[in-house]
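# missing the sequence, but the structure's below:
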């Protein structure tokens, strides 16, 4: 029976999620409200729902730079490779003033994830190396699994790219501790992803911004099951558009009672 259950799960993961996705054209009003162009995929696995929804199906299949959403798998790579010991290890600030003030201080894993401290993850990338990164990316089947770059961080300035549907597939595996890494490392990454929580729900998520477009990906845990989401939007106004990532996603999730309405 256990073998049959595992087989069913394996087959489920192999079936393209977008093949069963229901287009939610009505969610366009949330994008219009914030004057944004983009897509969102939502997979609701709560017991009474079991639904896959998408706004902007064509774009949801298109790969974009993973930007800082890559800090989720990158943290797993760093832990596995020994580039970081645990969430308590401190990385000393190099004294270089960067555009985001939160980057200009010592960091640990939790703070580096929270403020998206690029320089910490550049250290991880240097220690892991390009071939090591490629091996990890292929092992977890992450987007196009290509860490090539002509300069800069490969997850922002390089060739690495992933679609909204593929983000969801990755997140579902992490939620179930189903990635080829130690379970304690997967639990740690999920812990440092926590954005906020209520009495009976937890929101775990990560933003990403490549300059021209931005992400917000993650899930909301409920007693009846998780609700996964992956949004990306164009950011023509650059920093001026960044708040829209969470604003649109929260509006969508609140519309299906996946997040409490303030």
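Structure's in. What do you need? Keep in mind that what you see is a predicted model, and the values were worked out from it rather than measured. Numbers count the residues shown, from 1 in each chain.
# in the stretch 1-150 of the chain, which spans are strands?
22-23, 38-44, 51-55, 64-65 (DSSP state E, counting those that start in this stretch).
# Report the distance from the last one to the chain centre.
In terms of Cα atoms, centre = their mean, to the nearest Å, the centre of strand 64-65 is set 12 Å apart from its chain centre.
# counting contacts, what elements does that strand pack onto?
Applying 3 or more Cβ pairs under 8 Å, 6 or more residues apart in numbering; DSSP states H and E, one finds that strand 64-65 makes contact with strand 161-162, strand 213-222. All C-beta atoms are positioned from the backbone trio N, CA, C, and that covers glycine.
# Show residues contacting the shortest one.
Residues outside strand 161-162 that contact it (Cβ atoms under 8 Å, 6 or more residues apart in numbering) are 63-66, 69, 142-144, 146, 170.
# hmm, back to that, include mean neighbour count when you put the helices and strands packed on strand 64-65 into CSV, please.
Supplementary listing: the helices and strands packed on strand 64-65 in CSV, determined by neighbours: other Cβ atoms under 10 Å:
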stretch, mean neighbour count
strand 161-162, 24
strand 213-222, 24
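# Present these as CSV; the columns should include mean pLDDT and distance to residue 153.
Converted to CSV, these look like this (pLDDT from 0 to 100; distance: least, Cβ to Cβ, whole Å):
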stretch, mean pLDDT, distance to residue 153
strand 161-162, 98, 14
strand 213-222, 98, 15
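# got JSON lines for those, with distance to residue 39 too?
Shown next, in JSON lines, are these (distance: least, Cβ to Cβ, whole Å):
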{"stretch": "strand 161-162", "distance to residue 39": "13"}
{"stretch": "strand 213-222", "distance to residue 39": "10"}
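# and residue 125, how many residues sit next to it?
By other Cβ atoms under 10 Å, 21 other residues sit near residue 125.
# do the same with residue 240
Counted by other Cβ under 10 Å, the residues lying close to residue 240 total 9.
# Can you classify it by secondary structure?
Following DSSP: H, G, I helix; E, B strand; the rest coil, the label given to residue 240 is helix.
# I'd like to know how far it sits from residue 214.
For residue 240, the distance to residue 214 (Cβ to Cβ, to the nearest Å) stands at 11 Å.
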